[in-house]
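Asker: Quick one, what's the 3D model for this:
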Amino acid sequence: MHITLRQLEVFAEVLKSGSTTQASQVLSLSQSAVSAALADLEGQLGVRLFDRVGKRLVVNEHGRLLYPQAVGLLEQAGEIEQLFHNDVGAIRVGASSTIGNYILPEVVARYRRDFPDLPLDISIGNSQDVINAVADFRVDIGLIEGPCHMADIVTEPWLEDELVVFVAPTSPLAQGAVTLEQLAAAPWILREQGSGTREIVDYLLLSHLPHFRPGMELGNSEAIKHAVRNGLGVSCLSRRVIEEQLDNGTLVALDVPLPTLVRTLYRIHHRQKHISSALQRFLRYCEPV
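Answerer: Below you'll find the predicted structure:
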């Protein structure tokens, strides 16, 4: 059996109109198309839905039984059409920790002001976690702190981000200009392997310190800030992450003998991922203001 929504729509309109002629005008179909759809529906059900009284069609007991079911299905189909017409599906965003904790909240706040009821799922991990989620289609879009090297993932530059080398104000390194030798001799507190921040720090900074002294690896920026503030070593994080502590003096930025450490933040999606209008709408809020 292959009952179609069109057949049910024709049946319901014929019942309301009382004739195929009136129904054809409402549905913008030819009278022959309406009659054919009704005949096909009756043929599939194996019953007559109307009694033919002269030129009139009078609904019978079979038609009365079908009518509420047909109307219910047509209403559900209309709800489905409206759902996708408005494009209100949940958007799934994966963000690395610095972006998720220090950049994305402002983006989401602006988005929520205009679209308070649209579903939005945010997951936060390190950059490799986000890359894996994009590769497995577990998120629609990823925002990461380092480049992605997977062939199936499209990587686009998104924002520029300054990195800052910092210590506690009581550190001997905070007393003036520092040398690369002093930095290499200091205990370094770094993000874990797989973090976008760690990859860029290795490339931009630690490559100039071939004999640097590793202190410890920590899984999030908040832990690193607390460790450095308590005098356990030196670190390098996004200025966005430590801006409040720099302003209140609980951490001190070092003037290192290197060019300004600037990295690119990236937006990624799977090459086969369809960028829906809902996703495009969200991405507009991710652009710099």
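
Asker: Just give me the longest helix of the protein.
Answerer: What stands out as the longest helix in the chain, according to DSSP state H, is helix 61-86.

Asker: Output the contacting helices and strands for it.
Answerer: Using 3 or more C-beta pairs under 8 Å, 6 or more residues apart in numbering; DSSP states H and E as the contact test, the elements touching helix 61-86 are helix 5-17. Every residue, glycine included, has its C-beta placed from N, CA and C.

Asker: buried stuff in the helix it packs on?
Answerer: By neighbour count on 16 or more other C-beta atoms under 10 Å, the buried set for helix 5-17 is 7-15, 17.

Asker: Could you export those residues as TSV, including pLDDT?
Answerer: Output for the buried residues of helix 5-17, formatted as TSV (pLDDT from 0 to 100):
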residue	pLDDT
7	94
8	94
9	95
10	95
11	95
12	94
13	93
14	92
15	93
17	87
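
Asker: Backbone dihedrals for the residue positioned nearest the centre of the chain, please?
Answerer: Nearest residue to the geometric centre of the chain (C-alpha atoms, centre = their mean): residue 93, 2.7 Å. Main-chain dihedrals, residue 93, degrees, to the nearest 10: phi -120, psi 130.

Asker: so how far is the longest helix of the chain off the chain centroid?
Answerer: The chain centre lies 32 Å from the centre of helix 61-86; the measure is C-alpha atoms, centre = their mean, to the nearest Å.

Asker: So which bits of it are buried?
Answerer: Of the residues in helix 61-86, 62-63, 66-67, 70, 74 count as buried by neighbour count, 16+ other C-beta under 10 Å.

Asker: what's the angle between it and helix 5-17?
Answerer: 120 degrees (axes from the mean of the first three to the mean of the last three C-alpha atoms, to 10 degrees).

Asker: Now do helix 61-86, average pLDDT.
Answerer: For helix 61-86, mean pLDDT is 86.

Asker: repeat for stretch 136-151
Answerer: For stretch 136-151, mean pLDDT is 91.

Asker: and it, how far apart are its ends?
Answerer: Using C-alpha to C-alpha, to the nearest Å, one end of stretch 136-151 lies 13 Å from the other.

Asker: Tell me the buried residues in that stretch?
Answerer: 139-148.

Asker: Show me those residues that map onto strands.
Answerer: 141-144 (DSSP state E).

Asker: can you give me the strands for the stretch 101-250 of the chain?
Answerer: 120-125, 141-144, 153-167, 187-191, 213-218, 235-238 (DSSP state E, counting those that start in this stretch).

Asker: got a list of contacts for the first one?
Answerer: Contacting residues not belonging to strand 120-125 are listed as 90-97, 100-101, 104, 108, 111-112, 133, 138-139, 282 [C-beta atoms under 8 Å, 6 or more residues apart in numbering].

Asker: do the second one as well
Answerer: Surrounding strand 141-144, the residues in contact under the criterion C-beta under 8 Å, 6+ apart are 91-96, 99-100, 103-104, 127, 130-131, 133-134, 148, 158, 196, 265-269, 279, 282-283, 286.

Asker: which residues touch residue 61?
Answerer: So, once contact is read as C-beta under 8 Å, 6+ apart, residue 61 ends up touching nothing.

Asker: Quick check: the gap between it and residue 48.
Answerer: 10 Å (C-beta to C-beta, to the nearest Å).
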